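**Student:** Quick one, fold the following:
(2 chains)
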2 protein chains.
Amino acid sequence: MTSATRPLLLSNVRLPTGEAVSVSIANGHIEALGPNLTPPPGAATEDGGGALLLPGFVEGHTHLDKTHWGRAWYRNEVGPNLVDRIENERAWRKTSAHDAGVQSLALARAFVAAGTTRLRTHVDIDTDAGLRYLEGVLETRHALRDVLDMQIVAFPQSGMLVRPGTQEWLERALAAGADVLGALDPALIDGDPVASLDATFAQAVRHGKPIDIHLHEPGEVGAFTLKLLLDRVEATGMQGRVVVSHAFCLGALPQPEPLLERLARLDVALLTSAPPSRPVPPLKRCRELGVTIFGGNDGIRDTWTPYGTPDMLERAMLIGMRYDLRRDDELAMAFDCVSTAAARGCGFADYGLHAGARADLVLVEAETVAHAVVARPPRKLVVAGGRIVARDGALVGALISAT
Amino acid sequence: MTSATRPLLLSNVRLPTGEAVSVSIANGHIEALGPNLTPPPGAATEDGGGALLLPGFVEGHTHLDKTHWGRAWYRNEVGPNLVDRIENERAWRKTSAHDAGVQSLALARAFVAAGTTRLRTHVDIDTDAGLRYLEGVLETRHALRDVLDMQIVAFPQSGMLVRPGTQEWLERALAAGADVLGALDPALIDGDPVASLDATFAQAVRHGKPIDIHLHEPGEVGAFTLKLLLDRVEATGMQGRVVVSHAFCLGALPQPEPLLERLARLDVALLTSAPPSRPVPPLKRCRELGVTIFGGNDGIRDTWTPYGTPDMLERAMLIGMRYDLRRDDELAMAFDCVSTAAARGCGFADYGLHAGARADLVLVEAETVAHAVVARPPRKLVVAGGRIVARDGALVGALISAT
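**Tutor:** Residues are numbered from 1 along each chain as shown, chains lettered A, B, ... in the order given. Predicted coordinates for the structure are as follows:
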């Protein structure tokens, strides 16, 4: 957040609890939240019309650099395996005119318009492209710096040990502005889980960066890798700074409890896109045991997948469906996955609907949080960093012209 | 279809194959479809603007009578078991002011606005309500008779044998206008699979009606019931007239092939809502073996589930996600589940994009069928039985006032 914002009084809104309140905003933050507030000096005023007030949404895992969002339809004729998708994409990126800067900006803007104000994106770093995609996404982050709090993960999509030279590129990516060190399937892609994890943790410690590892490895092999990973979290003191994305293995083990308990103890968070065709970590049990589990789209309309939208209410709905969450209190958990739990898992600061938090707010016409999740109504108003950035689903003001 | 329609020439549209065509429509049916057509005498003309032409969508399984669509949010605090949901709903129906006629009309109209022109709805028949819900849905069917081809299944939601008197109500429901005889978990709800199935088949044969059975029974018990059912299809000569809805068991058996082959041989179709939290019949293998498998929402925003929308493109997307269909040719299968395969499975006549078919058409701004499924764009135009019934997602003309 760089430039100054005018104070704002957002009146006549409903909290998820049902309470009617106003929100007073100054210096980009929530100053007060409650009934009968007086506007801050010089404040603009906005009548919320009794709409439901939600915190700005958090996208916990996407790939802004590889999307086709808003471009011509990509005809997907790719083979079914992980390696097919990796190879197809790398080949396609070499030959297509795809521009990670232009495309990440298009998708990030769509995220903001739909109420996302914090986002963690993975960006491919490999020996073909070097930092090219990272540079594009860094431009997008800069262009939207006033409204979208973006974390960038330097992600070795094509493998690390298996593709010599990649570690050096990751090194440069961290120096160039990536916030988080990524990693990928230490056993099944890199072929050497011990060496791969050792290298990742050493690099993260050297740079003082958190880790986000994509662990697709299934069942027992995934559990084996996860145990090695947890050993290293403990050995390096990286409690609270590691996210395991996907972790399909935790949905397939007969006895995941010991691993879940250790995840909780070491404060290692889990990210799920809640894929309907794969095993997924047990959401409710994770929450009961104190494991932070949060949600994200993963890729959105790219060479990997045609699915996904920049609407985190839709992702919450898909999480709800995947875990068969039907009760209102359960749907609130699904929303938590794309809001509070995601902010905690990614380490986004000053998050939430309380005084002192950054003023990231969304208004929707919905009776309750559960209603908002299943109906995914248009975003009536989006406030990011204290600025009104979207109305009725469309970006407004400076954000339209500035980018 | 009762009242006369004015001829229509719909020009400048694209077939799913990419071919640019016009459609000439008279007497509610497609007269011709191809390039450079001359308008039928006295025809209205409509420029499709190059949009993608799809056949009207088919909802293969929903519950119009129990939805809250468009009403106040229903706070779901129901227990997790099938029986909890059945009991909760029956109790709620007795005490709430819910009106199956009003609600089924609201949802059916939303289906038409979103491009659905054929629909199979299950309607609860039980000893508490008798034919009350059926009467409401029959009114809706009558109100929309010119635009929505609706099949009604008389469905013993609270069980049949287990609730004496239900069979007699089913008898009356069939006499009153229900098209299909429903059934529910002959072992796990009715408690006597042989007697329950025998009763259902006898009643269907007596009335000359097809059967649609909800088979939630899991794994081996579901397989056992399914075998009993197939025996009775064979014994009663009901090939081509039976749908098995859900059939979760087929997604959980180590060896489903013999059952699948028998389903194909006996022309018994499968319906799936593609729930992400349950095992589902193997879609691709069913199609390879010649088993008709098609899609539906199941309940939409009712006391059972908060989920579902009257948008069959969204259901196709959810089917695609459940079966991990990513390639364009695979997404075309997902669309087939809510169009051609569903028409075949339910036995809707004169369906499709060809001369002689009923003129049920949808235009969307999408490059391909796969694109339409994942993007779910607003319905630019909906034609039902030769009439323009919706534009840009909203009902138009007589349909707004008539109901």
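**Student:** So A:His39 is in contact with A:Ile25, correct?
**Tutor:** Not His; residue A:39 is Pro. No. With contacts counted by CB atoms under 8 Å, A:Pro39 stays clear of A:Ile25, the gap being 9.8 Å. C-beta: built from backbone N, CA, C; applies to glycine.
**Student:** neighbour-wise, which of these two wins?
**Tutor:** Each of A:Pro39 and A:Ile25 has its neighbours counted (other CB atoms under 10 Å in any protein chain shown); A:Ile25 has more, 30 against 17.
**Student:** what are the ranges of the helices in the stretch 1-150 of chain A?
**Tutor:** Taking DSSP state H, counting those that start in this stretch as the criterion, the stretch 1-150 of chain A carries its helices at A:82-95, A:100-113, A:132-143.
**Student:** Check those for me and report the most buried one.
**Tutor:** Burial among these, expressed as mean neighbours by mean count of other CB atoms under 10 Å in any protein chain shown, is greatest for helix A:100-113, which shows a mean of 23.
**Student:** Please list the residues of the stretch 251-400 of chain A that sit near chain B.
**Tutor:** When proximity is defined as CB under 8 Å from any CB of the partner chain, the stretch 251-400 of chain A approaches chain B at A:274-278, A:301, A:304-307, A:317-318, A:320-324, A:326-329, A:331, A:366-368, A:370-371, A:374.
**Student:** sorry, back to before: show me whatever sits in contact with both of A:Pro39 and A:Ile25.
**Tutor:** Jointly contacting A:Pro39 and A:Ile25 under the rule CB atoms under 8 Å, 6 or more residues apart in numbering or on different chains are A:Pro7, A:Leu9.
**Student:** Can you verify A:Val362 is assigned to a helix?
**Tutor:** No. With DSSP: H, G, I helix; E, B strand; the rest coil as the criterion, A:Val362 is strand rather than part of a helix.
**Student:** Contact partners for it?
**Tutor:** When contacts are counted by CB under 8 Å, 6+ apart, A:Val362 is found next to A:Leu53, A:Leu54, A:Pro55, A:Gly56, A:Phe57, A:Gly115, A:Arg379, A:Leu381, A:Val382, A:Val383.
**Student:** who are the neighbours in contact with the second one?
**Tutor:** This means A:Leu54. Applying CB under 8 Å, 6+ apart, one finds that A:Leu54 lies in contact with A:Pro16, A:Gly115, A:Phe335, A:Ser339, A:Leu353, A:Leu361, A:Val362, A:Leu363, A:Val364, A:Val369, A:Ala372.
**Student:** Out of those, who's the most crowded?
**Tutor:** Using other CB under 10 Å as the contact criterion, the top neighbour count among these goes to A:Gly115, which has 30 neighbours.
**Student:** I'd guessed that residue sits against A:Arg379; true?
**Tutor:** Yes. Taking CB under 8 Å as the contact criterion, A:Gly115 and A:Arg379 are neighbours in contact, 4.8 Å apart.
**Student:** hey, what's in contact with both of these two?
**Tutor:** A:Val362, A:Ala390.
**Student:** What score does the spatially most central residue of chain A have for pLDDT?
**Tutor:** A centroid search over chain A (CA atoms, centre = their mean) returns A:Gly60, at 1.7 Å, as the residue closest to the centre. For A:Gly60, the pLDDT comes out at 98.
**Student:** wouldn't it be in contact with A:Asp298 here?
**Tutor:** No. With contacts defined as CB under 8 Å, A:Gly60 does not count as touching A:Asp298, sitting 9.8 Å away.
**Student:** Reformat the contacts of A:Val362 as a markdown table; add pLDDT.
**Tutor:** Formatted as a markdown table, the contacts of A:Val362 follow (pLDDT from 0 to 100):
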| residue | pLDDT |
| --- | --- |
| A:Leu53 | 98 |
| A:Leu54 | 98 |
| A:Pro55 | 98 |
| A:Gly56 | 98 |
| A:Phe57 | 99 |
| A:Gly115 | 98 |
| A:Arg379 | 98 |
| A:Leu381 | 98 |
| A:Val382 | 98 |
| A:Val383 | 98 |
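**Student:** and the residue lying closest to A:Pro378 once chain neighbours are set aside, how many neighbours?
**Tutor:** Distance criterion CB to CB, 6 or more residues apart in numbering or on different chains; nearest residue to A:Pro378, sequence neighbours excluded, is A:Gly393 at 4.4 Å. For A:Gly393, the neighbour count with other CB under 10 Å is 15.
**Student:** Spit out the contact partners of A:Gly393.
**Tutor:** A:Ala113, A:Ala114, A:Pro378, A:Arg379.
**Student:** Can you check those and name whichever has the most neighbours?
**Tutor:** For the contacts of A:Gly393, neighbours were counted by other CB under 10 Å; the highest total belongs to A:Arg379, with 26 neighbours.
**Student:** so what's that one bridging to?
**Tutor:** When bridges are called by DSSP bridges, A:Arg379 pairs up with A:Val364.
**Student:** again with A:Val21
**Tutor:** Here A:Val21 shows beta-bridge partners A:Val13, assigned using DSSP bridges.
**Student:** Please report how far it lies from chain B.
**Tutor:** Look at A:Val21 and chain B: by CB to the nearest CB, to the nearest Å, they are 20 Å apart.
**Student:** any idea of the pLDDT on that residue?
**Tutor:** 97.
**Student:** check contacts around it.
**Tutor:** The neighbourhood of A:Val21, defined by CB under 8 Å, 6+ apart, consists of A:Val13, A:Arg14, A:Leu15, A:Leu33, A:Gly34, A:Pro35, A:Leu37, A:Leu53.
**Student:** try A:Leu226
**Tutor:** A:Leu215, A:Val244, A:Ala247, A:Cys249, A:Leu250, A:Leu259.
**Student:** Is it in a helix, a strand, or coil?
**Tutor:** Bear in mind the rule, three-state DSSP; under it A:Leu226 is helix.
**Student:** if I look at it, how far off is chain B?
**Tutor:** As defined by CB to the nearest CB, A:Leu226 lies at a distance of 23 Å from chain B.
**Student:** which residue does chain A bring closest to chain B?
**Tutor:** A:Pro276 (3.3 Å; CB to the nearest CB).
**Student:** pretty sure that residue is in a helix, no?
**Tutor:** No. A:Pro276 is assigned coil when assessed by three-state DSSP, not a helix.
**Student:** if I read this right, it contacts B:Ile319, doesn't it?
**Tutor:** No. Applying CB under 8 Å, one finds A:Pro276 not in contact with B:Ile319, separated by 9.6 Å.
**Student:** Between these two, tell me which one has more neighbours.
**Tutor:** For A:Pro276 and B:Ile319, the more surrounded residue by other CB under 10 Å is B:Ile319, and the numbers stand at 29 against 22.
**Student:** who touches the more buried one in this structure?
**Tutor:** Under the criterion of CB under 8 Å, 6+ apart, the contact list for B:Ile319 reads B:Thr272, B:Ala274, B:Leu283, B:Gly295, B:Leu325, B:Ala334, B:Cys337, B:Val338.
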